[in-house]
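Novice: everything below, folded, please.
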Amino acid sequence: MDSASLPICVAALYQFTPLEDLPAIRAGLLELCDAHGIRGTLLLAREGINGTIAGSDEGIEQVVAHIRTLPGCADIEVKYSRAPALPFRRMKVRLKKEIVTMGQPAIDPLSDVGHYLDPAQWNALIADPDTVVIDTRNDYEVAIGTFQRAIDPGTRSFREFPDWFRANRADLLGNGNRKVAMFCTGGIRCEKSTAFLKAEGIAEVYHLKGGILKYLEDVPAEQSLWQGECYVFDERVSVGHALVPGPYTSCKACGRPLEQGQTCGHCNPA
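Specialist: A predicted model of the protein is given here:
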């Protein structure tokens, strides 16, 4: 089935922006999502909003329009895809300390981040052998797909990324200050990871605008440097080029992606 004909609209979004009165924002979002049968997860923190929601086209349009009325969210970028059924079981709006947890409170993505590259520019940068390409996602996400030449930090959570970079900086960059290109699913982790590298004194830091999802949506498979599937945090489990839902299932205990009939090695080690 062509993904465009699938009935459910899935919207992934984030925006770093100062937010106040988070309980009131939460209540308004929950009421609107419930009224339109929207399911998914939205995270709210004083630093902004992040999440993925799914439902009817009209319902998603209403919720996105409401989010655009929040301070600093008028121009929020939303990445849309399709699903054959609701990929979430309920609607959650959670109040958090961070909308993506890195554990580096001094890092401010609003003040200094890396250079954004659109998908068309990305291929040329990561094909350059002098560019260090880093996948900022967790190990189980990287396991089912990543970009050619990408380094897998092997991290189990984003909190581990700063320590990993500091421990491996010399091996990654040598004595010079090489270009560093980083990517993640939708772009949000790279907002913080590039800001972190800039704070560590790395001058030329780049990240993929819109993340892997935007790349897979825009770049034809024959021109793509992506290999495998992209893990997503919902019941679709993975998507491929043109954001078509992939073949993976997930472990009911830990959520890790599994091939059909595969047993989770994390929950059931040999």
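Novice: what about the strands in the stretch 101-250 of the chain?
Specialist: Assigned by DSSP state E, counting those that start in this stretch, the stretch 101-250 of the chain shows strands spanning 115-117, 131-135, 145-147, 179-183, 205-208, 226-228, 230-231, 238-239, 249-250.
Novice: please name every helix or strand in contact with the last one.
Specialist: Same thing as strand 249-250. Counting contacts by 3 or more C-beta pairs under 8 Å, 6 or more residues apart in numbering; DSSP states H and E, strand 249-250 packs against strand 257-258. Glycine gets a C-beta too; all of them are placed from N, C-alpha and C.
Novice: give the partner strands of the strand it packs on in its sheet and their orientations.
Specialist: Using DSSP bridges, the strands paired with strand 257-258 are strand 249-250 (antiparallel).
Novice: starting at the chain centroid, how far to the strand it pairs with?
Specialist: Using C-alpha atoms, centre = their mean, to the nearest Å, the mean C-alpha position of strand 249-250 is found 18 Å from that of the whole chain.
Novice: so what touches that strand?
Specialist: Strand 249-250 has contacts (C-beta atoms under 8 Å, 6 or more residues apart in numbering) with 235, 237, 256-260.
Novice: what is the mean pLDDT for that strand?
Specialist: The pLDDT scores in strand 249-250 average 90.
Novice: of the contacts of strand 249-250, buried ones?
Specialist: Neighbour-count burial (16 or more other C-beta atoms under 10 Å) applied to the contacts of strand 249-250 gives 237, 256-258.
Novice: for the residues you listed, which one is nearest residue 75?
Specialist: Taking C-beta to C-beta as the measure, residue 75 sits nearest to residue 237 out of those, at 30.7 Å.
Novice: who touches that closest one in this structure?
Specialist: Contacts for residue 237 were tallied using C-beta under 8 Å, 6+ apart; they are 231, 245-246, 248-250, 257.
Novice: give me the below-cutoff pLDDT ranges for the chain.
Specialist: The model of the chain has pLDDT under 70 over residues 1-3, 270.
Novice: at which residues are the helices of it located?
Specialist: With DSSP state H as the criterion, the chain has helices at 22-35, 57-67, 119-127, 139-142, 161-173, 188-199, 211-218.
Novice: mean neighbour count, these: which tops it?
Specialist: Among the helices of the chain, helix 188-199 has the highest mean neighbour count (mean count of other C-beta atoms under 10 Å), at a mean of 24.
Novice: for it, packing partners?
Specialist: strand 8-16, helix 161-173, strand 179-183, strand 205-208.
Novice: and the angle from the first one to helix 57-67?
Specialist: Between the axes of strand 8-16 and helix 57-67, defined by axes from the mean of the first three to the mean of the last three C-alpha atoms, to 10 degrees, the angle is 10 degrees.
Novice: partner strands of strand 8-16, with direction?
Specialist: Strand 8-16 is paired, per DSSP bridges, with strand 48-55 (antiparallel), strand 78-83 (antiparallel).
Novice: can you put these in CSV and add distance to residue 95 and mean neighbour count?
Specialist: Below are these laid out as CSV (distance: least, C-beta to C-beta, whole Å; neighbours: other C-beta atoms under 10 Å):
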stretch, distance to residue 95, mean neighbour count
strand 48-55, 11, 24
strand 78-83, 22, 19
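Novice: nearest to residue 102, out of those?
Specialist: Ranking these by proximity to residue 102 (C-beta to C-beta) places strand 48-55 first, at 12.5 Å.
Novice: now what about the closest one, what contacts it?
Specialist: 8-19, 33, 36-43, 60, 63, 67, 70, 72-73, 76, 83, 86-88, 91, 99-100, 188, 232-234.
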